[in-house]
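> Generate coordinates for the sequence data below:
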Amino acid sequence: MATDPGSPPAGRKSDRSPPFSEEAERGVLGSILLDAGRVLDLCITSQLGPDSFYVPAHRTIYETMLEMNQQGGVIDVLTATERLQSLGRIEMVGGATALDRLIDSTPTAAHADYYIDIVRQKGLLRTIIACARETEQDCFAAEDTADLVLSRAEQTFLEISEGRHGASVSWPEAIKSTIAHVDRILDTRRGLTGISTGFLNLDLKLQGLRAGEMIVIAARPSMGKTSLAMNMVEHIALGKGDPDRKPRAVGIFSLEMSYESLVLRMLCSHAGVQSFGLTSGKIAAGPAHAKLMTAASVLSKAPIFLDDTGGLDIMELRARARRMRKRHGVEIIMVDYLQLLHAQDYARQGRQLETAHVSGQLKAMAKELKVPVLVLSQLSRAPDQRDKLGKPKLSDLRDSGAIEQDADVVCMLRRPCKYEDDPEHEDQTLAYVDVAKHRNGPTGEVILNFEDEFTRFTDRAHGVDGEQAMERFGGGMDVGMEGGSEA
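Take a look at the predicted model:
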């Protein structure tokens, strides 16, 4: 952080003293000199850094002690004094008698944890004040939009909170948690370790969409990647494919399509009504209207939360996703699509670096919110230029190779009917989802059907045994076989 939490920003005089306790700081340092091994462990566990000390002399002494501890040296009055002298810091802390005064003011090291907590709390308050001042300066500078300033402020305060709580988990706790997860799988015999996509073939390959993972669906334009993602969203929000038929809240960020277009597409897809025929007035009102009303009744109950703001900065999207997660408890987030996101701080450094930053932030968002983040991505023209079959590779991800690196799962969508030289060109419904990268599982192709007029994907009978799949997932999926089944 650019601002020093221990001092007011340049050009501004503080009318109040920053929060600190000189007595508690002396107590911590004196306790270290009396019982270095135990007290320094307490300090490190409490994430007490040099900036937690407000008095400059105390900050220098503590920093020197940390250096000695890292090098495995013994810490007491004599060794600490000698180290300060050798580094030329002794005069900075008040002379050779400074450490003696610290011990004299600390009767016992037994209350070190109490002193440490006071110093930590005061340091945290100063950090909050420094962040608030930076936000205030951003507001008066008025160089960015208010939404972007708010996004940065939220992110800054979140980083303070993350630093305060820490992210480390003890090894025994990690083992215990993992064994509990294994026991649940063995007891239920459902196999799914994440949220079901609603597609049997895809779930057999991915074992569901896992929390904290970034899942990329990539394709050339007009292959149906938005339709596939929206079909997954529908299944998840309605509980289709879930062993317990539990509806899950879904957050959608649509940077390309308006909410009217997305909702109309989902309604027509669910109702089995041609959206183009409806919008062009070629479909009779009676039967189609009844189907749409039924679909509307079902979908209106789905916990879907849609944000169709275009041209979002990645930090603003993270802030909105954070609020969506807190207010609505969304369990999965879909972003359509990655290349339409921006990163203001990297915009002048080239599109490749900007996209790499956006990709890294999306992965960080998945870990921060502990939800799967389903991201759509464009492919470059390389598949069309490489051969006449248009089979994509991981290297075809547009703008940056960082997407391939950051993603936990990368699915490449391809429809043979789009390529005249493909041997399967005549099959208008055939669609391949090539799981090209799977960090925690197998890769390979998954076969689906795509009904273009209804923008709807369904499981294809070839390549999956319905009864075995139902048994494997606990009988919780809807499986119908009609040459292509509807998940």
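
> ok, and Lys437, which helix or strand is that part of?
strand 430-438 (DSSP states H and E).

> quick check: angle from the next helix or strand after that strand to strand 430-438?
With elements assigned by DSSP H and E, the helix or strand that comes after strand 430-438 is strand 444-451. On the basis of axes from the mean of the first three to the mean of the last three C-alpha atoms, to 10 degrees, strand 444-451 is oriented at 150 degrees to strand 430-438.

> In strand 444-451, which residues are buried?
Under the neighbour-count criterion of 16 or more other C-beta atoms under 10 Å, strand 444-451 has Val446, Ile447, Leu448, Asn449, Phe450, Glu451 buried. Heads up, the C-betas are built off the backbone N, CA and C, glycines and all.

> Report the mean per-residue pLDDT for it.
Average pLDDT, strand 444-451: 88.

> Stretch 362-376 now?
90.

> CA atoms only for that stretch, dumped as CSV, please.
C-alpha atoms of stretch 362-376 as CSV (Å, rounded to 0.1, in the frame of the first residue of the first chain):
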residue,chain,number,x,y,z
LEU,A,362,-11.3,-13.8,-12.3
LYS,A,363,-9.4,-16.7,-10.8
ALA,A,364,-8.7,-14.7,-7.7
MET,A,365,-12.4,-13.9,-7.5
ALA,A,366,-13.3,-17.6,-7.6
LYS,A,367,-10.9,-18.3,-4.7
GLU,A,368,-12.1,-15.3,-2.7
LEU,A,369,-15.8,-15.9,-3.0
LYS,A,370,-15.4,-19.7,-2.8
VAL,A,371,-17.7,-20.3,-5.8
PRO,A,372,-17.2,-21.7,-9.3
VAL,A,373,-16.7,-18.9,-11.9
LEU,A,374,-17.9,-19.9,-15.4
VAL,A,375,-16.2,-17.7,-17.9
LEU,A,376,-16.9,-17.5,-21.6
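
> So for that stretch, what gets flagged as buried?
Result for stretch 362-376 [16+ other C-beta under 10 Å]: buried residues Leu362, Lys363, Met365, Ala366, Glu368, Leu369, Val371, Pro372, Val373, Leu374, Val375, Leu376.

> Tell me the one of these nearest Thr355?
Minimum distance to Thr355 across the buried residues of stretch 362-376 is 10.5 Å, recorded for Leu362 (C-beta to C-beta).

> mind checking the SS state of that closest one?
Under DSSP: H, G, I helix; E, B strand; the rest coil, the three-state class of Leu362 is helix.

> I'd assumed Met334 was in contact with it.
No - in this structure Leu362 lies outside contact range of Met334 using C-beta atoms under 8 Å: 11.3 Å.

> Overlap of the contact sets of these two?
Val373, Val375 (C-beta atoms under 8 Å, 6 or more residues apart in numbering).

> pull the helix or strand with minimum mean pLDDT from this protein.
strand 484-485 (a mean of 35; mean pLDDT, DSSP states H and E).

> re the thing from before, which strands or helices does the strand holding Lys437 pack on?
Counting contacts by 3 or more C-beta pairs under 8 Å, 6 or more residues apart in numbering; DSSP states H and E, strand 430-438 packs against helix 200-206, strand 409-414, strand 444-451.

> orientation of it relative to strand 409-414 in degrees?
Comparing the axes of strand 430-438 and strand 409-414 via the same axes, to 10 degrees yields an angle of 150 degrees.

> Just give me how far strand 430-438 sits from the chain centre.
23 Å (C-alpha atoms, centre = their mean, to the nearest Å).

> Adjacent strands (with direction) for that strand?
strand 409-414 (antiparallel), strand 444-451 (antiparallel) (DSSP bridges).

> can the helices and strands packed on strand 430-438 go into CSV with extra columns for distance to Gly329?
CSV is the format used below for the helices and strands packed on strand 430-438 (distance: least, C-beta to C-beta, whole Å):
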stretch, distance to Gly329
helix 200-206, 23
strand 409-414, 23
strand 444-451, 30
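
> can you tell me which of the ones you listed comes nearest to Leu267?
Per C-beta to C-beta, nearest to Leu267 of the helices and strands packed on strand 430-438: strand 444-451, 15.1 Å.

> Remind me what the helix or strand that the closest one is followed by packs against, helices and strands.
Downstream of strand 444-451, the next assigned helix or strand under DSSP H and E is strand 456-460. Contacts defined by 3+ C-beta pairs under 8 Å, 6+ apart place strand 456-460 against helix 200-206, helix 225-238, strand 444-451, strand 484-485.

> closest one to Asp138 among these?
Closest to Asp138 of these is helix 225-238 (C-beta to C-beta; 34.7 Å).

> could you give the angle of the closest one to strand 444-451?
Going by the same axes, to 10 degrees, helix 225-238 makes 90 degrees with strand 444-451.

> what distance separates helix 225-238 from the centre of its chain?
19 Å.

> CA atoms only for it, dumped as CSV, please.
Extracted in CSV, the C-alpha atoms of helix 225-238 (Å, rounded to 0.1, in the frame of the first residue of the first chain):
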residue,chain,number,x,y,z
LYS,A,225,-21.1,-20.9,-26.0
THR,A,226,-23.6,-18.5,-24.5
SER,A,227,-26.4,-20.9,-25.1
LEU,A,228,-24.4,-23.7,-23.4
ALA,A,229,-23.6,-21.5,-20.4
MET,A,230,-27.2,-20.3,-20.1
ASN,A,231,-28.5,-23.9,-20.3
MET,A,232,-26.1,-24.7,-17.4
VAL,A,233,-27.4,-21.7,-15.5
GLU,A,234,-31.0,-22.8,-16.0
HIS,A,235,-30.2,-26.4,-14.8
ILE,A,236,-28.4,-25.1,-11.7
ALA,A,237,-31.0,-22.5,-10.8
LEU,A,238,-33.8,-25.1,-11.1
